[in-house]
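[1] Coordinates for the following, if possible.
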Amino acid sequence: MRRLRRIKILATLGPASSDSTMIRKLFEAGADVFRINMSHTPHDKMRELVKTIRNVESSYGRPIGILVDLQGPKLRVGSFANGPVQLNNGASFVLDSNKEPGDADRVCLPHPEILSALKVGDALLLDDGKVRLICEETSPDRAVTRVVIGGKMSDRKGVSLPDTDLPMSAMTNKDRADLEAACETGIDWVALSFVQRAEDVAEAKRMIRGRAAVMAKIEKPQAIERLQDILDVSDALMVARGDLGVEMPLERVPSLQKQMTRMARRAGKPVVVATQMLESMITSPVPTRAEVSDVATAVYEGADAIMLSAESAAGKYPVEAVSTMNRIGEEVERDTLYRGVLTAQRPEPEATAGDAIAGAARQIAETLDLSAIICWTSSGSTALRVARERPKVPVVAITPNLNTGRKLSAVWGVHCVVAEDARDQDDMVDRAGRIAFRDGFAKSGQRVIIVAGVPLGTPGATNMVRIAYVGPTDADV
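    Model (predicted):
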């Protein structure tokens, strides 16, 4: 199951893709990580999906990552007494703590923390930004607003607050219960929704206690303002363009996507570009040309992964969506311009032995036209450092830790193999050559470069580079 592309694909599971047969088809079509959206998945169903994915993983002998996406706080207005109302431009509209059904003049906002945090001049976006209000008066139990962009409003529509720093956690009680259940089930990544500050990520990490890695979803203006702090404490970023495009001007989203992709690459942490990538394939067997260009842009930028949401979860053509994304990735990476774009964006190595060695390994491999970079890694840090370089040659990560292999399934260009740890340096070199030959990365007589930490099995101690031939003994495997 060697992929012919470096960028990874995340596929969301849902009503259209929950059984074993479909999950196998999605994996064969190119899915590297499966996403379970806890907004729509009860605990029993989540456990069933994890079990099914693990069975597929065992049958193919390749690590498969599982990402659980927490719902986060969903802010919504209350109900209306007589059905939908029309909010007209320039009209006054009150949001208050009164639980009585609303009308064209007011409605309940059952979130006292919002009413307390609102300031005069703050914007409120209702129903995914279709209706826009500006706050004119505030008090702890009501806010008087003016309708700037009117429209129809009905029960339980969502509320977004791009200008308001909410004094609330990114995790609700539901999220905490979902998180604990997911960690007990043995998933690999947790996506944290509506992150506003680094403390939100730190809170999740305290609950997780090392059982999974945390991916911060960047979808609020407050997160953009604190992006570096959030990145410092996160294990990965997701460019969640859907909600980000509601809370910020749409025209800013492409530049923010590039900014986040490059920041994450400099930090050596995975970055996933998500939302509406092949949206038309929910109902169509082929995407629009604009969608193809959108996916290609993320590939050219050097993102670690691209994600399908409703396309694979609820669409009519989930397998076709994954295979389309796979073909786009392969085609872009064959383009002669692709390598130039990646090279131009390559960050300088950090002032650490591990980063210096990863940079040197990439340069040696490309200068000597070696067949692959083989990383022996326990924690995954060696493979992350090498992937940060976006080398021209393939990257193979060998790890004794299955959990590490699963996490690395979201990392650019890393082909992960789970194998018993090397006994000594000779065994390390010998088995690196065998695996490179077996998986089609090198032929007999070709050379590979091996990167590892000595003593073997020491996490984070990348300190050794060795060039080795794939000899007749290796080729006989």
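[2] Would you mark the buried spots in the one helix or strand Asn403 maps to?
    Using DSSP states H and E, Asn403 maps to helix 402-407. Neighbour-count burial for helix 402-407 flags 403-407 (criterion: 16 or more other CB atoms under 10 Å). Using the backbone N, CA and C atoms, a C-beta is placed for each residue, glycine as well.
[3] do the same with stretch 273-283
    273-282.
[4] Can you show me the CA trace of that stretch as PDB?
    Extracted C-alpha coordinates of stretch 273-283, given in PDB (Å, rounded to 0.1, in the frame of the first residue of the first chain):
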ATOM      1  CA  VAL A 273      -6.200  22.000   5.200                       C
ATOM      2  CA  ALA A 274      -9.900  21.300   5.500                       C
ATOM      3  CA  THR A 275     -13.500  22.200   4.500                       C
ATOM      4  CA  GLN A 276     -15.300  22.300   1.200                       C
ATOM      5  CA  MET A 277     -12.300  21.100  -0.800                       C
ATOM      6  CA  LEU A 278     -14.400  19.000  -3.200                       C
ATOM      7  CA  GLU A 279     -17.800  20.100  -1.900                       C
ATOM      8  CA  SER A 280     -19.600  19.600  -5.200                       C
ATOM      9  CA  MET A 281     -18.700  15.900  -5.100                       C
ATOM     10  CA  ILE A 282     -21.300  15.400  -2.300                       C
ATOM     11  CA  THR A 283     -23.800  15.200  -5.200                       C
END
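[5] neighbouring contacts of that stretch?
    Stretch 273-283 is contacted from outside by 10, 238-242, 245, 257, 261, 287-288, 291, 294-295, 298, 301, 303, 305-311, 314-317, 320-321, 324-325, using CB atoms under 8 Å, 6 or more residues apart in numbering.
[6] switch the cut-off to 7 Å
    Residues outside stretch 273-283 that contact it (CB atoms under 7 Å, 6 or more residues apart in numbering): 238-242, 257, 287-288, 291, 294-295, 298, 303, 306-311, 314-317, 320-321, 324-325.
[7] Over to stretch 351-361?
    For stretch 351-361, contacts defined as CB under 7 Å, 6+ apart pick out 349, 373, 381-382, 385-386, 388-389, 449, 451, 460, 462-463, 465.
[8] Mind checking the pLDDT average for it?
    On average, the pLDDT along stretch 351-361 is 91.
[9] The nearest residue to Ala31 once chain neighbours are set aside bridge partners, please.
    Leaving aside its sequence neighbours, Ala31 sits nearest to Ala11 (CB to CB, 6 or more residues apart in numbering; 3.9 Å). Taking DSSP bridges, one obtains Phe34, Leu308 as the residues bridged to Ala11.
[10] Could you point out which residue ranges in the protein have low pLDDT?
    Within the chain, the set of residues satisfying pLDDT under 70 comprises 457-458, 460, 472-477.
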